[in-house]
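# coordinates only, no sequence provided:
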């Protein structure tokens with residue numbers, strides 16, 4: 001993808017005893033890119049990112065962050081912000097104390113007042129972390145991750161528990177960071193966020209990378225769908241339409257605009273009303289569901 005990627009994962013393997021959690025994983029993330037690494041439950045994305053973040057050693061393959069080993073904490077930590085799914089902050093520290101502590105540990109410089117303002121927690125600076133709501137804790141997680149405007153930020157389920165206003169504010173801050181060249185790696189179960197925000201997406205399943213590309217590239221791997229019902233006595237629709245048990249018809253197509261026009265022209269020519277007409281392009285969640293369906297066991301034939 002680029003000659004100088006911020007993250008370069010080549011043939012990564014992660015094992016737990018005899019279990020291979022990650023197998024032959026390779027991907028790159030460029031400077032300023034928002035890359036979403038998604039996967040089914042148990043896909044291995046968390047294990048893979050633990051290696052990229054420097055928390056776990058690889059069983060095989062190589063991982064480079066900023067051109068060096070992610071386990072070189074002195075070289076990498078000051079340039080990297082991490083928002084974990086659960087922070088583990090001390091409940092007895094105040095919000096301001098937590099930001100100052102994590103800021104010092106990061107090696108970056110910033111104003112605690114500034115980052116608390118980003119997440120609307122200035123009024124909570126003297127509140128102990130244990131007294132915060134779930135959404136407030138997530139906002140504090142984000143504040144500590146972006147302290148000092150790091151060059152690389154990992155966001156693990158960043159908007160879980162956030163209200164709409166807090167989500168919007170978080171993504172505004174992310175876009176502001178990206179405007180300065182910050183690279184972002186996102187993991188989320190909110191597929192619509194990945195579809196709206198990511199430049200590229202990697203989809204993992206059972207330890208391997210099954211698909212990678214832009215949203216358009218991924219959704220083009222599956223056909224779009226046109227559905228409609230016909231009134232009694234209507235003629236048979238175009239040949240590619242398939243009848244369903246609920247008396248509806250469906251057309252699966254990689255040429256949605258062309259085939260929808262053909263259907264509408266046919267309906268006008270035959271004076272047929274298309275009841276319940278819908279035309280839906282393929283979405284990211286359709287691709288996501290198809291990953292697991294590919295490995296579904298084939299039923300045994302009846303005796």
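Structure's in. What do you need? Being a predicted model, the structure only gives us computed values, none of them experimental.

# state whether residue 144 is indeed within a helix.
Yes: Residue 144 forms part of a helix when assessed by DSSP: H, G, I helix; E, B strand; the rest coil.

# in space, what's closest to it - neighbours in sequence excluded?
With Cβ to Cβ, 6 or more residues apart in numbering as the criterion, residue 144 has its nearest non-adjacent residue at 4.1 Å, and that residue is residue 102. Every C-beta, even on glycine, is put in place using the N, C-alpha and C of the backbone.

# the one you found: which element?
helix 95-106 (DSSP states H and E).

# and that helix, average pLDDT?
Mean per-residue pLDDT for helix 95-106: 90.

# report all helices and strands that that helix contacts.
helix 112-118, helix 134-145 (3 or more Cβ pairs under 8 Å, 6 or more residues apart in numbering; DSSP states H and E).

# can you map out the helices along the stretch 201-303 of the chain?
215-219, 256-269, 284-294 (DSSP state H, counting those that start in this stretch).

# check contacts around the nearest residue to residue 23 once chain neighbours are set aside.
Nearest residue to residue 23, sequence neighbours excluded (Cβ to Cβ, 6+ apart): residue 207, at 4.4 Å. Residue 207 makes contact with 20, 21, 22, 23, 25, 43, 44, according to Cβ atoms under 8 Å, 6 or more residues apart in numbering.

# give me the phi and psi for the third one.
To tie it back to what came earlier, the one meant is residue 22. Here is the backbone geometry of residue 22 (degrees, to the nearest 10): phi -130, psi 130.

# pull the number of nearby residues for it.
28 (other Cβ atoms under 10 Å).

# against residue 14, how distant is it?
From residue 22 across to residue 14, the span is 4 Å (Cβ to Cβ, to the nearest Å).

# overlap in contacts, the two.
44, 47, 48, 51.

# check which helix or strand the second one maps to.
Under the assignment given by DSSP H and E, the secondary-structure element containing residue 47 is helix 45-52.

# list the contacts of that helix.
Contacts of helix 45-52 (Cβ under 8 Å, 6+ apart): 7, 9, 12, 14, 21-22, 25, 37-39, 56-58, 63, 65, 70, 154, 156, 185, 187, 204.

# now, of those, which are buried?
Buried members of those, counted by 16 or more other Cβ atoms under 10 Å: 7, 9, 12, 14, 21-22, 25, 37-39, 56, 58, 63, 65, 70, 154, 156, 185, 187, 204.

# tell me which of these fall in strands.
7, 9, 12, 14, 21-22, 25, 37-39, 63, 65, 154, 156, 185, 187, 204 (DSSP state E).

# low-confidence ranges in the chain?
1-3, 293-303 (pLDDT under 70).

# ok, now how distant is the residue of it positioned farthest from its centre from residue 83?
When distances are taken from the C-alpha mean of the chain, residue 233 lies farthest, 47.2 Å away, according to Cα atoms, centre = their mean. The gap separating residue 233 from residue 83 is 60 Å, by Cβ to Cβ.

# list the buried residues for the helix holding residue 47?
Applying 16+ other Cβ under 10 Å to helix 45-52 flags 45, 46, 47, 48, 49, 50, 51, 52 as buried.

# nearest to residue 245, of those residues?
Using Cβ to Cβ, residue 45 comes nearest to residue 245 of the buried residues of helix 45-52, at 37.4 Å.

# excluding chain neighbours, what is closest to that closest one?
Closest residue in space to residue 45, ignoring its immediate chain neighbours: residue 39 at 4.2 Å, by Cβ to Cβ, 6+ apart.

# and what of residue 240?
Nearest residue to residue 240, sequence neighbours excluded (Cβ to Cβ, 6+ apart): residue 251, at 5.4 Å.

# so in this structure, which helix runs the longest?
helix 164-179 (DSSP state H).

# which elements pack onto that one?
By 3+ Cβ pairs under 8 Å, 6+ apart, helix 164-179 packs against helix 134-145, strand 152-156, strand 183-187.

# got TSV for the ones you listed, with distance to residue 171 too?
Below are the helices and strands packed on helix 164-179 laid out as TSV (distance: least, Cβ to Cβ, whole Å):
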stretch	distance to residue 171
helix 134-145	11
strand 152-156	10
strand 183-187	10
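
# run through the bridge partners of residue 128.
Following DSSP bridges, residue 128 is listed with bridge partners residue 94.

# report how many residues lie close to it.
When neighbours are counted by other Cβ under 10 Å, residue 128 comes out with 15.

# residue 94 is in contact with that one, correct?
Yes: assessed by Cβ atoms under 8 Å, residue 128 is found in contact with residue 94 at 5.7 Å.

# list the buried ones in stretch 168-180?
So, applying 16+ other Cβ under 10 Å, buried residues of stretch 168-180: 169, 170, 173, 174, 177, 178.
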